[in-house]
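S.K.: this one's sequence-less:
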Ligand SMILES: Nc1ncnc2c1ncn2[C@@H]1O[C@H](COP(=O)(O)OP(=O)(O)OP(=O)(O)O)[C@@H](O)[C@H]1O
């Protein structure tokens, strides 16, 4: 086993001891005691048989009594162990380990782990971390004590019967060796096929889930998806199956060796008994031990293989710990409560990890304090990426973003975010009460009804909010017996959430009205323009609006026009029209389209 995995098992054991000392101690004691029961039973039975044959009534009765007692204790310990094991695995997994992973993942300031395919594989593995890891700990403990039971059984064979039986250890080790080799092969195959496996699951969810259900039916793409899912599944499974066949062949060889050794050992005991060198009790003892040796060995192998299966968790967990420390540059400087000068982008470039194409390419511009800045451009021109850089989801690869002269990279990320508000294109649909879906935009004011109502009004959501069956207390999401909102209503809810903070210094609206019609979008934009003016007066806030609809953003103070990541034009609406460049051309095309409509 890898050292990191052993260390992780040690950490989990310490965690269990710290939170459940009684149950952990009891389970360890029960497992340790269980290791001695089979050898004790074999010795007691052997003594009872010898007592009967020699006519020693006392030793026969004593042997039989001990055997009966040991048998009773074995059954009781098994039951106790099962219950303690289940209780500890559940509690430790759900209450501590899963929470630890959840907190670490949710605490990551950046988005890389959610958007990079190489990291997604690890995040996927970590989803089952809590329960699997706590189960692994106790299977590893079982493996240790079953190993101890095996050693005790062999000592009993070697000392109570004949040392000639000791080479059985070598034969007993053969299946373990082959099992481990097989484990390594299958583990590697799982790693190699993780991407195909993830893809088939994604396709399955897509084909069967509600998200793309309508489009898939309209397109008639169900069969295609099923076929692709089947292909990805077959690709992953074929490699895994080949690895398992290889592992099974090794296991067969291991067990064949063990069976050969066991047969030879028993033949030796029978031969010795026939020559009068051993007793019938020895024979009973040897047969009892031999019969349980196979079970003990199988238990040990099962324990080892189960514990080894948990090894797949060590790498991603360790990665998460390191990633949390290195991926995010949290910064230490306080975030400004008000802006005096504004935000300056100085030759900012950024390419998504794993891509050599710059999503933002040498962008330099100034976003003056108190201004409303619109970012426009065609699909994929880098608008959302620019917003992600401003909200510190990613750091620029080159260049700097300065906030009132301070490098944003040095500003404390959590505090910068606490001073920002944002509504994103891919907004969240939180299936909680309507008031909570909005209030979580400013957690300390989650229960401030007046603030929530004001945010609802700001987002022009009061119309549909009034019609909700339980008002602000309405549960959202049909899956939880609540109300399902329309796309536009979800979007207005996201807008209301972004309106909860009243004093942000950065207010981002990344296509917040894409699901609304042009007049509604225009009305909302006017509202937020007025709000931006009020914010500007209080905190010097900068409002950044991303939109496809050029007419909507005409009232912005400053417009940035992006094309393939580059800032190709900037200025006011009037100046950009007068320049008769890209902006003017695209504006004219949209204006014509609306005129014709
Ligand atoms: N997570 C990601 N990983 C890799 N590349 C990405 C990622 N997100 C965006 N890109 C790429 O970066 C470029 C800019 O994308 P971005 O989302 O910033 O454009 P946009 O102008 O906001 O587009 P839209 O108007 O469609 O929202 C695109 O080429 C896109 O394919």
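M.R.: Sure thing, it's come through. In this text the structure is predicted, and so the values were computed from the model without any measurement. Numbers count the residues shown, from 1 in each chain.
S.K.: from here on, contacts and neighbour counts on C-alpha atoms
M.R.: OK.
S.K.: Name the nearest residue to residue 484, ignoring sequence neighbours.
M.R.: What sits nearest to residue 484 in space, not counting adjacent residues and going by Cα to Cα, 6 or more residues apart in numbering, is residue 477, at 4.9 Å.
S.K.: Around the ligand, which positions in the protein sit nearby?
M.R.: 115, 352, 359, 378, 379, 380, 381, 382, 383, 384, 385 (Cα under 6 Å from any ligand atom).
S.K.: what about the strands in the stretch 201-350 of the chain?
M.R.: For the stretch 201-350 of the chain, the strands defined by DSSP state E, counting those that start in this stretch cover 342-351.
S.K.: Mind telling me which residue of it is nearest the ligand?
M.R.: The nearest approach of the stretch 201-350 of the chain to the ligand comes at residue 350, 9.2 Å away (Cα to the nearest ligand atom).
S.K.: ok, how many other residues are close to that residue?
M.R.: Residues within reach of residue 350, counting by other Cα atoms under 10 Å, total 25.
S.K.: was I right about it contacting residue 400?
M.R.: No. Contact criterion Cα atoms under 8 Å: residue 350 and residue 400 do not qualify, at 10.8 Å.
S.K.: just to revisit the earlier point, for the residue of the stretch 201-350 of the chain closest to the ligand, what are its contacts?
M.R.: Each residue near residue 350 by Cα atoms under 8 Å, 6 or more residues apart in numbering is listed here: 358, 359, 360, 361, 395, 396, 397, 398.
S.K.: cutoff 6 Å now
M.R.: 358, 359, 360, 396, 397 (Cα atoms under 6 Å, 6 or more residues apart in numbering).
S.K.: What lies in contact with stretch 113-129?
M.R.: Residues from elsewhere that reach stretch 113-129 (Cα under 6 Å, 6+ apart): residue 316.
S.K.: how far out from the middle of the chain is it?
M.R.: Relative to its parent chain, stretch 113-129 has a centroid offset of 6 Å by Cα atoms, centre = their mean, to the nearest Å.
S.K.: Tell me which residues of it come out buried.
M.R.: In terms of neighbour count (16 or more other Cα atoms under 10 Å), stretch 113-129 has its buried residues at 113, 119, 120, 121, 122, 123, 125, 126, 129.
S.K.: tell me the mean pLDDT for the helix or strand that contains the fifth one?
M.R.: When you say that, I think you mean residue 122. Remark: residue 122 resides in helix 117-127, with elements defined by DSSP states H and E. Averaging pLDDT along helix 117-127 gives 72.
S.K.: 358 is where my numbering starts, stick with that
M.R.: Fine by me, first position is 358 from now on; the one you just mentioned is helix 474-484.
S.K.: of the contacts of residue 707, closest to residue 909?
M.R.: Of all these, residue 717 has the smallest distance to residue 909: 23.5 Å, by Cα to Cα.
S.K.: Would you double-check that the closest one falls in a helix?
M.R.: No. Counting by DSSP: H, G, I helix; E, B strand; the rest coil, one finds residue 717 to be strand, located in no helix.
S.K.: Which other helices and strands does the longest helix along the chain contact?
M.R.: Across the chain, the longest stretch assigned as helix under DSSP state H is helix 579-631. For helix 579-631, the packing partners by 3 or more Cα pairs under 6 Å, 6 or more residues apart in numbering; DSSP states H and E come out as helix 525-549, helix 551-565.
S.K.: got those helices as a markdown table, with mean pLDDT and mean neighbour count columns?
M.R.: Output for the helices and strands packed on helix 579-631, formatted as a markdown table (pLDDT from 0 to 100; neighbours: other Cα atoms under 10 Å):
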| stretch | mean pLDDT | mean neighbour count |
| --- | --- | --- |
| helix 525-549 | 85 | 18 |
| helix 551-565 | 85 | 18 |
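S.K.: Reformat those helices as JSON lines; add distance to residue 652.
M.R.: What follows is the helices and strands packed on helix 579-631, written out as JSON lines (distance: least, Cα to Cα, whole Å):
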{"stretch": "helix 525-549", "distance to residue 652": "12"}
{"stretch": "helix 551-565", "distance to residue 652": "34"}
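S.K.: Name the nearest residue to residue 759, ignoring sequence neighbours.
M.R.: residue 701 (5.1 Å).
S.K.: sec struct for residue 778, please.
M.R.: strand.
S.K.: for it, which residues make a bridge with it?
M.R.: Assessed by DSSP bridges, residue 778 has beta-bridge partners residue 864.
S.K.: I am assuming it contacts residue 855, so please confirm or correct that.
M.R.: Yes. With contact defined as Cα atoms under 6 Å, residue 778 and residue 855 form a contacting pair (5.3 Å).
S.K.: How many residues are close by residue 722?
M.R.: Other residues close to residue 722 by other Cα under 10 Å number 16.
S.K.: Could you verify that it is part of a strand?
M.R.: Yes. Checked against three-state DSSP, residue 722 lies within a strand.
S.K.: distance of it from residue 925?
M.R.: Going from residue 722 to residue 925 by Cα to Cα, to the nearest Å gives 11 Å.
S.K.: Could you do residue 614 as well?
M.R.: As judged by Cα to Cα, residue 614 and residue 925 stand 75 Å apart.
S.K.: Could you do residue 524 as well?
M.R.: Distance, residue 524 to residue 925, by Cα to Cα: 80 Å.
S.K.: do residue 517 as well
M.R.: Distance from residue 517 to residue 925, by Cα to Cα: 90 Å.
S.K.: Please apply the same query to residue 481.
M.R.: 40 Å.
S.K.: same deal with residue 710?
M.R.: Going from residue 710 to residue 925 by Cα to Cα gives 24 Å.
S.K.: Those two: who's more crowded?
M.R.: Between residue 710 and residue 925, residue 925 has the larger neighbour count (other Cα under 10 Å), namely 15 against 12.
S.K.: phi, psi of that one?
M.R.: With angles defined as degrees, to the nearest 10, residue 925 sits at phi -100, psi -20.
S.K.: and residue 411, what does it touch?
M.R.: Residues near residue 411 by Cα under 6 Å, 6+ apart: none.
S.K.: try the one 5 residues further on
M.R.: With contacts defined as Cα under 6 Å, 6+ apart, residue 416 is in contact with residue 408.
S.K.: For my notes, confirm it occurs in a helix.
M.R.: Yes. The assignment for residue 416 by three-state DSSP puts it in a helix.
S.K.: What pLDDT does the model give it?
M.R.: Residue 416 is assigned a pLDDT of 84 by the prediction.
S.K.: cool, residue 832 as well?
M.R.: For residue 832, the pLDDT comes out at 92.
S.K.: I'd assumed residue 790 was in contact with it.
M.R.: Yes. Counting by Cα under 6 Å, residue 832 touches residue 790, with 4.2 Å between them.
S.K.: quick one: which of those two has more around it?
M.R.: Per other Cα under 10 Å, whichever of residue 832 and residue 790 has more neighbours is residue 832, with 23 against 19.
S.K.: any idea how far that one lies from the ligand?
M.R.: Going from residue 832 to the ligand by Cα to the nearest ligand atom, to the nearest Å gives 30 Å.
S.K.: Just read off the phi/psi values of that residue.
M.R.: For residue 832, the backbone dihedrals (degrees, to the nearest 10) come out as phi -80, psi 130.
S.K.: OK, contacts around it?
M.R.: Taking Cα under 6 Å, 6+ apart as the test, what residue 832 contacts is 789, 790, 839.
S.K.: Fine by me, thanks again.
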